[in-house]
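Q: build the 3D model from these lines:
(one chain, ligands or ions: 1)
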Amino acid sequence: MTYQNFSLSQLQAIDAAHYLHPFTDHKDLRASGARMIVRADGPFIYDSEGHALLDGMAGLWCVNVGYGRHELAEAAYEQMKELPYYNSFFRCATPTPVLLAKKLAELAPKHINQVFYGSSGSESNDTALRLVRHYWALEGKPEKNIIISRNMAYHGSTVAATSLGGMSGMHEQLGGAVPNIKHVMMPYAFELALPGESDHDFGLRAAKAVEDAILEAGAENVAAFIGEPIMGAGGVKIPPASYWPEIQRICRKYDILLMLDEVITGYGRTGEWFAAQSMGIEPDTITTAKALTSGYQPLSALLVGDRISKTLVEKGGEFYHGYTYSGHPVACAVALKNLEIIENEGLVERVKNDTGPYFAKMLQERISGHPLVGEVRSLGLMGAIEIVKDKATRERFQPEGSAAVVVRDHAIAQGMMMRATGDSMILSPPLIWTRETIDMAGDRIVKALDLALADLSKAK
Ligand SMILES: Cc1ncc(COP(=O)(O)O)c(C=O)c1O
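A: Here you go, the predicted structure:
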């Protein structure tokens, strides 16, 4: 039985009857019905009614090589025929995750040479949390177990990942977070810089919030700092250039491990393989997922630096942690092929030297002057458009987030899939976008902004 035997309204009724969607107000969804995306090719997704949408979000920040890559389907098929599954527990391995681990060690910063696999970013952040606490215990400092994170951080949706994240709504529904995780201010100059404060000074002040938290807890009690190089789900918040070097200095000064969450920024999005390289950060762990397989298979890889892995190997004994699908051979075969595509097509260099700068120029020249836009920002192929009521004062429309949804709905009607988080419109397209695709996106976004302005002006 295939979906073609069902009408859209039949599928929506079945969806409403049986399927609890992630991050969804279910009553609301049932009132409107879900949009059914039924196929995709290159940079476009198609819904059941035949509408083509330019996918400005690469699925959910993951389909970096675009859709319709038969090589990835073939890699999965070949691996499934040869060996669909075997585990890496009790002294066994399968060759594909072994070879992928070697490849990841080659791509990662020099001091990172080991990999622990999971199936999602959330799982790998759980692994990271357990690993850094275990590291300090093995070093004879079990009391050094506080993790410092930021408000509005997103590290995933398991209990540990939600606790690491800084989304207050998620915390409220948790009914008890993992203890000893503290949150400090985020490096978001657009809203948090003081009048007259330079970006540089704001970046230092946001980093100082981390130092203050360390001093308050006592450095002897702090295991690590965790952060996304660019906060993604929180609204593509790009910190000032002064922020990360200062964080790095603070972590070194107090001997605090640095955990980088590159679930979104990994594998080329910022114009380097990892944002750690774009921003000169030397982390102890890097959480990666999503674009590792371009979303064609669920797979995550926690990249583990030499300092931690040396202790784990030499002093650790058995690490009581792992998943049935750690190092799943099919997912790893797809990842290897995906990385080969990214390399062969020079996608990382293209983002750095061509499409990333062109994307920034499009946002600056065509979007930033619009009356609804308070700021545009981007790095590589990752960007945001801040929606405001008043350009000069940065006053927002009320209730918060409502205006961005109007823009988003017009964008979708114009054939442009983009996402609204709060009052930020966010973009994270496949890395195969060309200058022509960026121009097409620009046309559609400008139209959506004009239509939204007309609606919002009427509502004033
Ligand atoms: C920075 C970051 N970390 C972790 C996650 C969680 O990944 P997953 O949804 O694969 O569990 C996400 C998901 O968007 C993310 O953006």
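Q: what about stretch 411-429 and the ligand, touching?
A: No. Stretch 411-429 stays clear of the ligand (C-beta under 6 Å from any ligand atom), getting no nearer than 9.8 Å. In this view, the C-beta of every residue, glycine as well, is placed from N, C-alpha and C.
Q: got the end-to-end distance for that stretch?
A: This stretch, stretch 411-429, spans 14 Å end to end (C-alpha to C-alpha, to the nearest Å).
Q: give the buried residues for that stretch.
A: Within stretch 411-429, the residues that qualify as buried are 411-412, 414-429, counting by 16 or more other C-beta atoms under 10 Å.
Q: equivalent analysis for stretch 293-311, please.
A: Quick answer for stretch 293-311 (16+ other C-beta under 10 Å): 293-305, 308-309, 311.
Q: try stretch 174-187
A: For stretch 174-187, a neighbour-count test (16+ other C-beta under 10 Å) marks 178, 181, 182, 183, 184, 185, 186, 187 as buried.
Q: per-residue confidence for the nearest residue in space to the first one that is not next to it in sequence?
A: Spatially, and ignoring its direct neighbours in sequence, residue 178 is nearest to residue 163 (3.9 Å; C-beta to C-beta, 6 or more residues apart in numbering). pLDDT, residue 163: 98.
Q: who's in contact with the closest residue to the ligand within the stretch 51-200 of the chain?
A: As assessed by C-beta to the nearest ligand atom, the ligand sits closest to residue 121 within the stretch 51-200 of the chain, at 2.4 Å. Contacts for residue 121 (C-beta atoms under 8 Å, 6 or more residues apart in numbering) come out as 155, 156, 161, 261, 263, 287, 288, 289, 290, 300.
Q: close to the ligand: what parts of the stretch 251-400 of the chain are there?
A: Proximity of the stretch 251-400 of the chain to the ligand (C-beta under 6 Å from any ligand atom) is limited to residues 261, 263, 264, 289.
Q: again, but for the stretch 51-200 of the chain
A: Taking C-beta under 6 Å from any ligand atom, the part of the stretch 51-200 of the chain that reaches the ligand is made up of 120, 121, 122, 125, 154, 155, 156.
Q: try 5 Å this time
A: 120, 121, 122, 155, 156 (C-beta under 5 Å from any ligand atom).
Q: now those residues as TSV including secondary structure?
A: Output for those, formatted as TSV (DSSP: H, G, I helix; E, B strand; the rest coil):
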residue	secondary structure
120	coil
121	helix
122	helix
155	coil
156	coil
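Q: which of these sit farthest apart?
A: The span of these, defined through C-beta to C-beta, is set by 120 and 155 at 11.3 Å.
Q: tell me which of these two has more neighbours.
A: Neighbours per residue, other C-beta atoms under 10 Å: of residue 120 and residue 155, the larger number sits with residue 155, 30 against 20.
Q: now do the contacts for the more buried one.
A: Residue 155 is in contact with 121, 122, 125, 149, 161, 162, 164, 165, 226, 228, 261, 287, counting by C-beta under 8 Å, 6+ apart.
Q: return the member of those residues nearest to residue 136.
A: When the contacts of residue 155 are compared against residue 136 (criterion: C-beta to C-beta), the nearest one is residue 226, at 14.4 Å.
Q: who does the closest residue to that closest one other than its chain neighbours bridge with?
A: Once flanking residues are discounted, residue 226 sits nearest to residue 259: 4.1 Å by C-beta to C-beta, 6+ apart. Going by DSSP bridges, residue 259 is paired in beta bridges with residue 226, residue 285.
Q: spit out the contact partners of residue 259.
A: 128, 132, 147, 224, 225, 226, 227, 283, 284, 285, 287.
Q: look up phi and psi at the closest residue to the second one other than its chain neighbours.
A: Read it as residue 132. Closest residue to residue 132 apart from its sequence neighbours, by C-beta to C-beta, 6+ apart: residue 224 at 4.6 Å. Torsion angles at residue 224 (phi, psi; degrees, to the nearest 10) stand at phi -160, psi 160.
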